Each structure stands twice: as C-alpha cells, then as structure tokens.
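> have a look at this prediction, sequence included:
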Amino acid sequence: MIEEKRIVLRNADLIDPEKIEDYLLAGGYQGLEKARSMSSPDLIAEIKKSNLRGRGGAAFNCGLKWSFAPADAPVSYVVCNFDEGEPGTYKDRIIVQKDPQSLLEGMAICGHAVNSKQGYIYCRGEYPYVVDLLNRAIDQARGKGVLGDFDIEVRMGGGAYVCGEETALIESIEGHRGEPRIKPPFPGVAGLWAQPTVVNNVETFTNLPSIVLNGAEWFAAIGAPNYPGTKVLTLTGDVTNRVSIEVPTTATLREVIYDFGGGIKEGKKFKAVQVGGTSGGFIPESLLDTPIDFDSMRGIGATLGTGAVFVMDETRDIVDITTRIAKFFEHESCGKCNPCREGTFRAYEIMKKINQGQASVQDIENLTILSQVMEKACLCGLGQAAPSPILTTLKHFYPEYQARLQLN
Amino acid sequence: MSTIKDIILSYRDKPGGIIEAYHAVQKEYNYLPEETIATAASTFGVSEAQAYGVATFYSYLSVEQRGKYIIRMCESAPCHVAGAEALIKAFEAALGIMAGETTADGKFTLELTECVGQCQATPVITINNVPYLNMSPEQVPAVLALCK
Amino acid sequence: MITLTINGKEVQTPKGSTILEACQQAGIPIPTLCYDPDLRLAGSCRMCLVEIKGRPLYAASCVAPAENGIVVETESPGIVAARKVILELLSARHNFNCQVCEKNGNCKLQDYCYQYGVKESRFNYGEPTNYPINDPNPFFERDYNKCIMCTRCVRACEDISIVRAISVENRGHHAKISTAFDGNLTDSPCVFCGQCVMVCPTGALTSKVSAGLGRSYEVDKVLTTCSYCGTGCTLELNVKDDRVVGVTSNRTDTGSPVNKGALCVKGRFGWDFINSPERLTTPLIKENGEFRKASWDEALDLVAKRLGEIKTEFGADSMAVFTSARVTNEENYIAQKFTRAVLGTNNVDHCARL
C-alpha cells in the first residue's frame, strides 16, 4: 500500500500554526537562509533542476517560470495565488491553516530568486478567517525579522472563481474587475502594475523550503520523474473518508480512493471520479489505475489541477451533476469573451433541457459542437476547461444522456 | 459605526485598494450603500461607472441592501450531491423567502453561493462568513436560532 | 522583418506586428468585431481567431504576435466552424429586426452572418435578451438587446473621449454596458459626443436625430469642416435627396486629419437646423417692434447708413465688432479689416477669446 509522504504538510498538526517559534524550532526559515546564501541564478537553476511544477493547474516548471522575470527589473512582485475556487478543493486552506509560515518562507525564497521585495497573497473571499491568520503570521514574521527586506501583503478576493486565473487575479489586486488579460505579455514580463510578476500557487510555494534545504536531487527523486514530489489531494463526495492527504505523485487514483478514501461509502459501487475540481474531466472505473501525476492525467483527458478528488457512487445521476456544474460556469464566467460568456450560458440551458428529459439528439449535437469550440476559442482557462465535464461525461457516460432523451 | 467616507479614505494609500475598501464597508454595513460608489471612485481615481462595475463583478459584494445575517448556501457539485437542494428549500421555507431575497424585518438574507472550500463536510452553509458543516434540513431551525 | 506563412503564402511583416496586421498587409481579410485600431485591444470577441500549426488553441489574431516561422490558417474548417458558433451565440442574444434597424446594411454582425451563412442560431435556448430601451437622452438610442458586448463603446468613452461615463456591470451572461447604477446617460458624466455610436459595430447605439431618415447605403457622404467652432473637425454629411439626414465620422488620417472621426455633441448631432423651417433665409428689418422681410440691398444700405450716422455722432470707438469661430478664417480676417479700415476702430474681438 502506498503511504503518505509529507513535504508541504510536514508540520501539519505537529506545530501550533499561530506560533512562529514552533515553526522555527521545526527548522523553519532555514531554507530561506540557505537560499539567501545562494546567488539568484543558482537558486533558479536549483529549482529548475528539481523539476517542481506548478501545483495550481497548469503544471509549468516553476524555476523556468521564474527565469522569465528579468533579473535587472527595479521593481518586481511575487504573488501567491490562494484563490482556490475549484469546487471540491480546500488543500490550500489546509496547508495555510496548518502551517502559514511555510508559505511566507516559500514566497521569500522566490523573492530572493527573482529579486523582488514585495509579495502579495491573494486569498479567496470565502476564507476571511484565513486572511486573519495570515496577517497574524506576517506580523510575527516581521517581528522576528525572518523575512528581511521582503514584505508580504494579503489581499482578499470577492467571490469570483475566474480570479484563480493569474492575470484576472492581478487585475483584481489592482482593484479592477477580475477579467483575464490577453497574453502576451505574460506576468513574468509585465504583470502587477505592469511590472515583472511571478505568480505561483500556495502548494508550489510551500514546497520550496524543503527543496532548497534538501536539494533538487532529493525532490526530483520523489514521485513521478516528470512531475516529481507530492500532491495534496482533497477527497470529497461518496468516499468513506472525506480527508485531505499528501501522496507521492506515483499514487494511482485507485490507491487514493480505496486506500486513503476507504473506498465507496456504505458499500456501494464506484461510478465516476472527477479530478482537479469542477473543470476536470469525469473518469470511469476503467481508468482508475492511472497515476495522479499531471501528464498521466492529461493522457486520459483529465487534469490533476487542484487535486480535488470528487467521487460519485453508483446511485449518482451524471446528467444532473453535469447540469449543476454547467450552472457553476454560467455563474463564474467573467463575461469578457464571447464564447465563454454566451457559451457557458447556453450550455447550462441545454444541460437543463437534457436533465429535464426534454432534449433531442440534435440538442446534444449542438452542445457538443459548442463545447468543442469553447475548448479552443475561449480567451482563458475558465472557458477552455468549462466544457470538459460535458465532453467527458458524453464520452464515458453517454447511456445516461441517452436515457434522458425525448423519444421523437 | 464609522462613516463610509472614513472607511474608504483609510484605504486611500493602498494601490488598487478599492476592493479592500468595499470589503471594509461591507463588514460594517453588510452591503455597499449608494454613496460608497462615488466615494470610492473619487478616492481611487476611477470613474463611478468603473467603481460600480467592480462592485457588481464580485459575488460577495452587493449594492443591494442585505440583512443582518447573510446565509450563503453552497450548491457546488460536492454539496449538490450531499443534499444541498433540500437544505436550500428548508432555509427558504423556514424564512419564507427565496434565495436572493431578504426577510422583511431585515434580519436574514439568503444567497446561493459556489464552493466555500469546506468540502470535507458537505453540505456547507456560511452565516456571515462562518462555515456551518455537515448541514441537514433538520438542523435549520437550530442554526437560525443562533442568529439573535 | 519576420517571415510567417499565412494560408500557404509566405508573408513578411515588421517585428512587433500582430497576426491580424500581417494578414491585413497581405490582403487577407479577417473578420473582427471588438477590434478597433484606435482603441486599446480587448481580444475578446474571438471572431478573428486563426489556427497556428502545432498549437492546440486558436489564437485571436488581433492580439497574437506574428512570430517568425509560424504557419497560420485563417479559414480552416475548424476556424470557420468556430466563427459560425460565435456568430450563432451572438445571434442568440441579438434582437434581429434588420428591417427597421438603423444599422441595416452597415452592421458587422449582419455582414458576417451573411458571409458565413448563419441563417439562424442553433443556440436559442433559454429566454431571449430583454433589456428595456428607455434612455431619455435626445441624441442616441441605447438598445442593449442588440449589444454584442464588444466593449468598443466603453473603450472609446475611456480612451478617445476620456469621459468614462460607461463601464461594464455584473459578470458572465449578465454583464452589460452601464453607467453607475445603470442609470440614464443624462445623470452620468456623458457629454453625448457619440464616439460610442461611432465605434458600435451593430445597431445597439444609433442616432435618434437621424432615425428613419435614411439607410447608410442610401446616402452620399460629403466631407466638410464642422462650423461650430474653430477646431476644424472633419465630418461626413450624410445626404439623401439633397437633404442632410445625418452626420457620421470619417476616421481616416487623410480624410479627417484634425479629429480622426472624433466629434462633439454639436458636430455629430446638431445638424437638424440645416433644413429647419425656422431658419432665416432673407434679412429681416425691425420696424415698429415687428420684423419684416427685406432684400439684401435694402438691409445692407440701412446698416451702412446707420453705422455712418453713429460714427459721425459718437465717434468710431463707440462701436465694436464681435466675430465668431463659426465662420472661416478668411471671413474673420475681412471682419477685422472692415472694423479697422472702414469703421476706424480697434474694437474687434472674437468669441474664441472668451
């Protein structure tokens, strides 16, 4: 049986998250100290070598991302994306609530690498209690002087899933509507207030202290070679244990669901799992032996994304759940680009029609062509991913749609 | 209670601080009273139309008056399969209003929301941002009774 | 210069160009809705999508940089299918009543639906758009049932007029162009310059003053210089049956070098005096408190006689001449010459000095 491996959650439940002293006693800020003994290019090279890939969704090589920021920029920013809005995801909340200093240390390491003096944490508006915790943690870190000349400010979102997209997040910090920007320029070149900006996820940052301290080779040897390290997953839905876990990326979905999740609740049978949050694909039983690493998931048309593992038992109504998900995207589309603004709205209307048993084969064809266009034509990841639950359920669970069609 | 102007002005030196200022106004007033928009616009150097555009973009900000207790009922997929619909109906029945409405006495506002990040214990609601976990329709009267 | 391949042809374009610009240079037409060369880019309508070989996503050519060596297809089956879907999505929210629409024949949505054969939308699910049309301003209609959310009006208001009367409210499908609190324009900072009308690609924003007087294809467009002030803006008189029925913008550098199409409320909407029955067509002489019509000879003789009498009785400096920015430089020159040389006084002034 595969076992938990804790890097990000190494201090979870072992230290008092409200006490920086506990964190320091557990070896906290030694990674930052070591990072500061290194030159910026050496530090970036080390992170690149570790092959740490972004834990937010796109899985971009972290060190490579940092290397795009010009080294000689007079002002640059480090931004932490703590806007985890994917339904079924709460891993970043767990990470921060159990060990906030780890995030601050990771951001300061990044600050040293890209020569930035100012960090921002963009925390979703659903977590005002975590914002308070973070502000207390920052006060303590300032008080101890551990951050040196690097400072961090927390900004709170306002209930907009799209702000998890890095350029929408930047717009929101700047006080605008959270509409994604066109790229290029990428944030590494012109991000927050048009300055070079590195945006990483909470889990990415909290990996950094251990990587710096233990070396790139140590990290690269853990989990899948192409997506090394661990992944924090949150198990929701019809599993016996609705828990958060941190496992090496070689773990398979079956191991996650059955070994950690304790299998399906009340002895029922498995029907489907949606990985990566509400924008992820639905995966049938036949693909459960796929490892969770990003590339393996992509290989089966799914996304590791945020690490949400939403399990559905045999009694669940796939069409109804997909309809609910379509409403989510209708609600969360920012409205900037045509295919997403109009497409998420019409897709929800079509799904409602199907769910109510009033649809025809033609309606499903219309939904399919709409979804296929949205995947390629939308401006940002929200609109591009929104059709994924529809297309994967049409692919793997078509009989459930068929059973709903009007016979005409 | 601080005036809206004082609250907003206290954020004036924060670049892009208009959303933080809106949050602060809402903390005291539960919504953004009309004068918030013009005051925020002049404080942060944006037009009133833009300040209004920002206020109406974010679902946690409201330009409509809301009740003392804002009950947000999550209906995202994990809560949905855990019985969110029945829970929403129970709240609507108990308060005699529909989601999106405020009780006549101004005490409660019911809102639908997407994921609040407490999916280990679905279905979830929040009352003034405090999560209530593993909710069931039977618990609705007891939870409402907590709101004095 | 960089070299890229577009539809099988090698195209050279300066570094820093977008794919759209490269296509325009090569004479390859690309449909656009939100793109406007005078406005900051939005990249949001997605009509200008093109396929770049080897890339999984379509690129919006108006914002995608032309890169060396890329292979671009602008009308591949996938792109045509995507544009059709986008047009159908827009059609589903657009109130098509072209038969009475002011923009009929001059509407980008109509043109592209024609071009791509979009007769009806496959996506007419749910309620049709139903926004009230009730902005009481006297200058232009705002019919958001025809709006396609390209935000060109917002950007024109922000970037050309720098008035910022409008922005976008709400989000997703509920997003809409609005003033603060979605109120009337008359209660907003709007100055009714109509730059928003100028850039609107559909019939969402149309002139109330021109309503019903003629379609764009029925009018001759006559370039002239606005006579309201001394700025010298170029405007396009829309002439039908020898009557002015509207004013539109000429947006070219050569046709409209002073204002590049931008106008003010007077220039764009204040032309209905031209055919007004109340307009004076002969001189009037006031006798016993009443005006009567007179010939030019009679009127000028009377003025010359009275000016001479006043000069003799009270001296030249008892008189002054005020001229106007609404007449030409040459006419102003003649007026000051007349004042100094004929009347004999330096008391001459001009409204633009006030």
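Arrived safely, thanks for sending.
> any idea how many residues pack against residue C:290?
For residue C:290, the number of neighbouring residues by other C-beta atoms under 10 Å in any protein chain shown comes to 8. C-betas here are computed from N, CA, C, even on glycine.
> check residue C:329 too.
Neighbours of residue C:329 (other C-beta under 10 Å): 10.
> could you do the one 3 residues further on as well?
Other residues lying near residue C:332 total 17 when counted by other C-beta under 10 Å.
> for the closest residue to it other than its chain neighbours, give its distance to residue C:330.
Excluding its sequence neighbours, the residue lying closest to residue C:332 (C-beta to C-beta, 6 or more residues apart in numbering or on different chains) is residue C:323, at 5.1 Å. Distance, residue C:323 to residue C:330, by C-beta to C-beta, to the nearest Å: 12 Å.
> can you list the domain ranges for the chain.
Assuming you mean chain A. A:20-221, A:229-313, A:318-402 (automatic domain parsing).
> wrong one, chain C
C:2-75, C:89-207, C:216-269, C:284-353.
> before we move on, the earlier item: touching, the residue nearest to residue C:332 and residue C:334? I think so.
No: Residue C:323 is beyond contact range of residue C:334, at 9.4 Å (criterion: C-beta atoms under 8 Å).
> ok, for the closest residue to chain A within chain B, nearest residue in space, not its chain neighbours?
Residue of chain B nearest chain A, by C-beta to the nearest C-beta: residue B:58 (2.8 Å). Leaving aside its chain neighbours, residue B:58 sits nearest to residue A:158 (2.8 Å; criterion: C-beta to C-beta, 6+ apart).
> low pLDDT regions in the chain?
I'll assume chain A. Along chain A, segments meeting pLDDT under 70 span A:407-408.
> switch to chain C, please.
In chain C (pLDDT under 70), the answer is C:353-354.
> which residue ranges of it form helices?
C:19-25, C:77-93, C:108-115, C:152-159, C:195-199, C:265-269, C:296-314, C:329-337 (DSSP state H).
> now for the third one, which elements pack on it?
The criterion is 3 or more C-beta pairs under 8 Å, 6 or more residues apart in numbering or on different chains; DSSP states H and E, and the helices and strands that helix C:108-115 contacts are helix C:77-93.
> what's the spacing between the helix it packs on and its chain's center?
The chain centre lies 27 Å from the centre of helix C:77-93; the measure is C-alpha atoms, centre = their mean, to the nearest Å.
> and what of stretch C:16-27?
On C-alpha atoms, centre = their mean, the centre of stretch C:16-27 falls 25 Å from that of its chain.
> can you tell me how far the residue of chain B closest to chain A sits from residue C:263?
Distance of residue B:58 to residue C:263, given as C-beta to C-beta: 36 Å.
> try residue A:32
Taking C-beta to C-beta, one finds residue A:32 at 59 Å from residue C:263.
> cool, residue A:254 as well?
Where residue C:263 is concerned, residue A:254 sits at a distance of 68 Å (C-beta to C-beta).
> out of those two, which sits in the busier spot?
residue C:263 (26 against 17).
> which residues touch the more buried one?
Residues in contact with residue C:263 (C-beta atoms under 8 Å, 6 or more residues apart in numbering or on different chains) are C:193, C:194, C:195, C:198, C:226, C:233, C:235, C:247, C:249.
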